[in-house]
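1. I need the structure of the sequence given here:
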Amino acid sequence: MRWLARAGTGAKVVVHLHGRIWESKGLEPIWFSGRGADAVVAVSRAVAERVVGARPYVVYSGMPVSAERGTPGHHEGTSKLRIIGTAGRLVPLKGIVYLLRAMAALRAEFPHFVLEIAGSGPERPRLERQVQAFGLAGRVRFLGWVNELAPVLARWSLFVLPSLEEGFGIGALEAMAAGLPVVATAVGGIPELVEDGRTGRLVPPGDAEVLAERIRLLLRNHEVQDAMGAAGRARAREYFSVERMAIAISQIYDHLLGAGAEG
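-> Prediction:
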C-alpha cells in the first residue's frame, strides 16, 4: 500500500504509531514494518522498539498545561471527601478491575474517598457488577464519556492508570498537566512519562495489592501529593507540551519536503 501511494501520487509516506499490541488478541505484541515509509513516528521509545526495517523518530504526544492548580480540597480537613480518578476506555486492557480491588482494600481505612471513572466501553456492566461484589456501592461513580476532562481533573486528588499495556499513556499526561500526582503501571511508554518517586509511583501491572499500597501512601501524605503534582506539572510543561510536539513533527515534515526538493 505504501509503495502504491508513493507511485500513484509521488507523495511522501509518513507512518505514525501509537500502540504496541493487537488488542483483539490480548497482549500479543505487534512488530511494525517501516519498509516503504519515508518516515516512521512513534509516540514513545517503547513503541519505537517494535519497529523493524526503519529507524523511527520518537515524538511524545503533547498536552496544553493548565494554569497553576488551586489548593486541593483535602487541605480543608481530613474528613473532607477525597476523589481518586481514572480515565480511559472501559475495556479489559485498561485494568480497571485491579483498581476496584485496590479500592476495596482501602475502603475501611479511608471512609471518605470516592473513585470516579471517566470513560465508556463494553466492560462497564462487568465493572458495575464488580463494584457491588467488592462492597463499593456508593463509593464508585461511572461518569461515562467525558468530552472535557479538565473540570473533572480539577476536583480529583489523585490519578490512577492501572493499564496492562499503554503505548504512551495520554490520560496520565493530562493528569500531570493538571497538577495531579499519578499512580500508574510500569508498562509500555508510561515509565517514560511518570518518574517514579518524583511525579508519582509506578507499580507492576495486574497487582492490586501493590497498587493499593502506593495509593495508601499518597492518601496519607498530602504534602507528598502536592509535591508530586507540582513536579508532574513542571515535567509536562518542559517535555510534553503541545508546542514541543508541533515543533518536532514540523521538523520531520520539513526534512522530508527538503529532501524531496533536493531529489
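2. strands of the stretch 1-150 of the chain, residue ranges please.
-> For the stretch 1-150 of the chain, the strands identified by DSSP state E, counting those that start in this stretch occupy 14-17, 21-22, 28-29, 32-33, 39-42, 51-52, 57-58, 82-87, 113-118, 140-144, in order along the chain.
3. switch those over to TSV; also include mean neighbour count, distance to residue 133 and mean pLDDT.
-> C-beta here means a position set from N, CA and C on the backbone, and glycine is covered the same way. As requested, the strands of the stretch 1-150 of the chain are arranged in TSV below (neighbours: other C-beta atoms under 10 Å; distance: least, C-beta to C-beta, whole Å; pLDDT from 0 to 100):
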stretch	mean neighbour count	distance to residue 133	mean pLDDT
strand 14-17	17	38	92
strand 21-22	14	28	83
strand 28-29	10	29	84
strand 32-33	16	39	89
strand 39-42	22	39	95
strand 51-52	14	42	93
strand 57-58	17	42	96
strand 82-87	22	19	95
strand 113-118	20	15	96
strand 140-144	15	12	97
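4. nearest to residue 182 among those strands would be which one?
-> Smallest distance to residue 182 across the strands of the stretch 1-150 of the chain (C-beta to C-beta): 10.2 Å, for strand 82-87.
5. check the offset of the closest one from the chain's centre.
-> With C-alpha atoms, centre = their mean, to the nearest Å as the basis, strand 82-87 stands 14 Å off its chain's centre.
6. taking strand 113-118 as reference, get the angle to that strand.
-> For strand 82-87 against strand 113-118, the angle between stretch directions is 20 degrees (axes from the mean of the first three to the mean of the last three C-alpha atoms, to 10 degrees).
7. run the angle between strand 82-87 and strand 140-144 for me.
-> Relative orientation of strand 82-87 versus strand 140-144 (the same axes, to 10 degrees): 40 degrees.
8. state the distance from residue 175 to residue 213.
-> Spatial separation of residue 175 from residue 213 under the definition C-beta to C-beta, to the nearest Å is 20 Å.
9. with neighbour numbers in mind, choose between those two.
-> When residue 175 is set against residue 213 and neighbours are counted by other C-beta atoms under 10 Å, the residue ahead is residue 175, at 32 against 16.
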